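# What would the 3D arrangement of this be:
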Amino acid sequence: MDETDDALLAALRHDARASLSDLAATLGVSRTTVRARLERLKTRGEIVGFSVVTRADVARDPVRGLMMIGIEGRGAERIKRQLAAMSELRAVHSTNGRWDLIVEIGTATLAQFDQVLSRIRRLDGVNASETSLLLSTQREV
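Numbers count the residues shown, from 1 in each chain. Reported below is the predicted structural model:
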């Protein structure tokens, strides 16, 4: 990847629906260049998909947060299966470093959010956790 690819990805993060013409104008290259670079980035797996965040997505989960989870022993797969069954979880990520998993939580109220945290903390094998509420989200990078 080079600076043009980085600029293309930044433009797509800002507006994933931007036309080839708009992207080309933003980057100062031709539409053909943008099209070729997009295809190459998709083929190489740098771009794995495009998504849209709607007002309904945010309104559905007015209380959102990330919970980092530490797991003792070898229970990660079992705990991931238990987490997958919780409807309030939007994603479960494996990670490295201090925390074994990071889960994205979305609920309608703080009380519901607190209940989800309690359920997760009570899972056999969860030995530590840290939670951060998402206060605001900015789409531009």
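
# Give me the buried positions along stretch 102-115.
Ile102, Val103, Glu104, Ile105, Gly106, Thr107, Phe113 (16 or more other CB atoms under 10 Å). For glycine as for every other residue, the C-beta is placed from the backbone atoms N, C-alpha and C.

# Throw those residues into a markdown table and include secondary structure and pLDDT, thanks.
Below are these laid out as a markdown table (DSSP: H, G, I helix; E, B strand; the rest coil; pLDDT from 0 to 100):
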| residue | secondary structure | pLDDT |
| --- | --- | --- |
| Ile102 | strand | 97 |
| Val103 | strand | 97 |
| Glu104 | strand | 95 |
| Ile105 | strand | 96 |
| Gly106 | strand | 93 |
| Thr107 | strand | 93 |
| Phe113 | helix | 97 |
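
# can you tell me which of these lies nearest to Met1?
If you rank the buried residues of stretch 102-115 by distance to Met1 using CB to CB, Ile102 comes first, at 25.2 Å.

# Against Ser132, how distant is Ala18?
31 Å (CB to CB, to the nearest Å).

# Counting neighbours, go ahead and name the busier of these two.
Each of Ala18 and Ser132 has its neighbours counted (other CB atoms under 10 Å); Ala18 has more, 16 against 11.

# residue ranges of the strands in the protein, please?
63-71, 89-94, 101-107, 126-133 (DSSP state E).

# mind putting those in TSV, distance to Ser51 included?
Below are the strands of the chain laid out as TSV (distance: least, CB to CB, whole Å):
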stretch	distance to Ser51
strand 63-71	16
strand 89-94	12
strand 101-107	14
strand 126-133	22
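
# nearest to Leu8, of the ones you listed?
Among the strands of the chain, strand 89-94 comes nearest to Leu8, with 25.2 Å by CB to CB.

# where's Ser129 relative to Val34, distance?
Ser129 is 43 Å from Val34, where distance means CB to CB.

# scratch that, Gly45 is what I was asking about
Distance of Gly45 to Val34, computed by CB to CB: 19 Å.

# residues touching Thr107, list them.
Thr107 makes contact with Asp61, Val63, Arg64, Glu88, Phe113, Val116, according to CB atoms under 8 Å, 6 or more residues apart in numbering.

# So which helix or strand of the protein has the lowest pLDDT on average?
Least confident helix or strand of the chain, by mean pLDDT, DSSP states H and E, is helix 55-60 with a mean of 66.
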